[in-house]
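In: Using only what follows, build the 3D model:
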Amino acid sequence: MNVLRTNVWRGKQRRIILTDIVNSCRGEGRMTPKEFEPRFEVAEFAIDMESVLKDNDFKGNWKLCSAEFLSHKLTEEFCELQTIMVKMLKEQNIGQGEAVNLRKECVDLANICMFISDNSYGWQK
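Out: Here you go, the predicted structure:
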C-alpha cells in the first residue's frame with residue numbers, strides 16, 4: 001500500500017492511498033495503472049471530492065439531476081467560491097479558516113463539474 005500522507009478533511013483523519021486511486025481508474029477506455037500516476041495534488045483533491053460525495057450519499061444519485069438543476073448548482077457554487085476569492089484578493093491574505101473554506105468550495109465546484117460531465121453522456125441525442 002502506498003500511503004501518500006495522512007491528512008484531516010472536514011474533521012476526519014484519513015490516509016491518501018495511491019493504489020486506491022489507481023484501482024478506481026480501471027475500466028474501458030481508461031488508463032492502466034502503469035500509465036496512471038497522478039500528481040500528489042491531483043490525488044489529494046480527488047480524494048477530497050470523493051469524501052464530500054460519500055458525506056452526501058443520502059441525497060441520492062447525481063445521475064437523476066436535470067441539466068437545469070446542475071446549471072443552477074454550478075452558478076451557486078461558483079458564486080460561493082468567487083466570494084471567498086474576492087475577499088482574499090481585497091485582504092491580500094486569508095486566515096486558516098478561510099483557506100479551509102476556499103478548499104471546500106473548490107471541491108464543491110469540482111464535484112458539480114464532474115456531475116455535469118458524467119451526465120452529459122446521457123444528454124446526447
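
In: Would you mind listing the buried residues in the helix or strand where Ala99 lies?
Out: Using DSSP states H and E, Ala99 sits within helix 96-123. By neighbour count on 16 or more other Cβ atoms under 10 Å, the buried set for helix 96-123 is 101-102, 104-112, 115-116, 119. In short, each C-beta sits where N, CA and C put it, glycine included.

In: which residues does the spatially most central residue of the chain contact?
Out: Nearest to the mean C-alpha position of the chain, by Cα atoms, centre = their mean, lies Met49 at 2.9 Å. Counting by Cβ atoms under 8 Å, 6 or more residues apart in numbering, Met49 makes contact with Val107, Ala110, Asn111, Met114.

In: Would you quantify the distance from the last one to Asp55?
Out: Distance from Met114 to Asp55, counting by Cβ to Cβ, to the nearest Å: 15 Å.

In: May I have the distance across stretch 50-65, first residue to last?
Out: 18 Å (Cα to Cα, to the nearest Å).

In: about what we covered before: farthest pair in the contacts of Met49?
Out: Checked with Cβ to Cβ, the contacts of Met49 reach their widest spread between Val107 and Met114, with 10.3 Å between them.

In: Alright, I will stop here.
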